[in-house]
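>>> let's see this in three dimensions:
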Amino acid sequence: MNQVKDTRVTLFLKNMVSNSCIKLVKSLMETNTAIEVVKIELGQATIKINDASTFNFNEIEKLLLGHDFPLIQDKNLQLVEQIKIASIELIHFYNNSNSLIRNSDYLSEKLDMPYHQLSKIFSDKTGITLEKYIILLKMERIKELFFYDEFSVSEISFMMGYSSVQYLSNQFKQVTGLSISEYKKLGKYERIPLENLA
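Model (predicted):
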């Protein structure tokens, strides 16, 4: 009797930045009977190959690419995507809730690498600094919070780890070109998709 080898593969995917992305990728993967989805999280999917004779890596790659989730082969680009995911988790899902932990400490601990190395690889591969990327993420989260209109600017400032409303206001104007009141008066709440920030 032949033993079937348990072959697990972790795929790194670009643009997988929300829970709805996870659901979509899971749904896409489940259409392929040659594999079983073991685990899916932001930026990556672990699959088990059930039937090597019908498994076609190119089919999966094409399917994911068709939904704007290209596979990432390069190790440094995989790390950049992990940095993005960790930053998004911190700013958008945890609301930077523990502002006693600096962004740099959080990322170093999460990715088990010194921050200066993470920062260098990120800048080399994206063309913007990691600090600038985190600021852009914060701005998009702040715009989202303005849209829902559940918190005051002062509360948002605290949630996002700013030392004062003035600091938040200055940075918002520097990034968007508009003051907070000007932005709110527009009523459009235009936002940039997170996958397009870097």
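
>>> how far does whichever strand or helix holds V38 sit from its chain's centre?
Assessed by DSSP states H and E, V38 sits inside strand 35-41. Relative to its chain's centre, strand 35-41 lies at 19 Å (Cα atoms, centre = their mean, to the nearest Å).

>>> kindly report the same for stretch 143-155.
21 Å.

>>> with just CA atoms, put the longest helix belonging to the chain into PDB.
Assignment by DSSP state H gives helix 130-148 as the longest helix of the chain. Once non-C-alpha atoms are left out, helix 130-148 reads as follows in PDB (Å, rounded to 0.1, in the frame of the first residue of the first chain):
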ATOM      1  CA  LEU A 130       9.000  52.400   6.600                       C
ATOM      2  CA  GLU A 131       8.300  55.400   8.800                       C
ATOM      3  CA  LYS A 132       6.500  57.200   5.800                       C
ATOM      4  CA  TYR A 133       4.500  54.000   5.100                       C
ATOM      5  CA  ILE A 134       3.300  53.800   8.700                       C
ATOM      6  CA  ILE A 135       2.300  57.500   8.600                       C
ATOM      7  CA  LEU A 136       0.300  56.800   5.400                       C
ATOM      8  CA  LEU A 137      -1.400  53.900   7.000                       C
ATOM      9  CA  LYS A 138      -2.300  56.100  10.000                       C
ATOM     10  CA  MET A 139      -3.800  58.700   7.700                       C
ATOM     11  CA  GLU A 140      -6.000  56.200   5.900                       C
ATOM     12  CA  ARG A 141      -7.200  54.800   9.300                       C
ATOM     13  CA  ILE A 142      -7.900  58.400  10.500                       C
ATOM     14  CA  LYS A 143      -9.900  59.100   7.300                       C
ATOM     15  CA  GLU A 144     -11.900  55.900   8.000                       C
ATOM     16  CA  LEU A 145     -12.600  57.000  11.600                       C
ATOM     17  CA  PHE A 146     -13.700  60.500  10.300                       C
ATOM     18  CA  PHE A 147     -16.100  58.700   7.900                       C
ATOM     19  CA  TYR A 148     -17.800  56.700  10.700                       C
END
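
>>> from the contact counts, what lies against the helix or strand following it?
Downstream of helix 130-148, the next assigned helix or strand under DSSP H and E is helix 153-159. Judged by 3 or more Cβ pairs under 8 Å, 6 or more residues apart in numbering; DSSP states H and E, helix 153-159 is in contact with helix 130-148, helix 165-176. Every C-beta, even on glycine, is put in place using the N, C-alpha and C of the backbone.

>>> what strands line up against the strand holding V38, and which way round?
Looking at strand 35-41 with DSSP bridges, its partner strands are strand 44-49 (antiparallel).

>>> contacts made by the partner strand with the rest, please.
Strand 44-49 is contacted from outside by 6-13, 16, 25-26, 29, 34-40, 55, using Cβ atoms under 8 Å, 6 or more residues apart in numbering.

>>> next one: that strand to chain centre, how far?
That offset, for strand 44-49, works out to 19 Å (Cα atoms, centre = their mean).

>>> stretch 53-71 now?
That offset, for stretch 53-71, works out to 21 Å (Cα atoms, centre = their mean).
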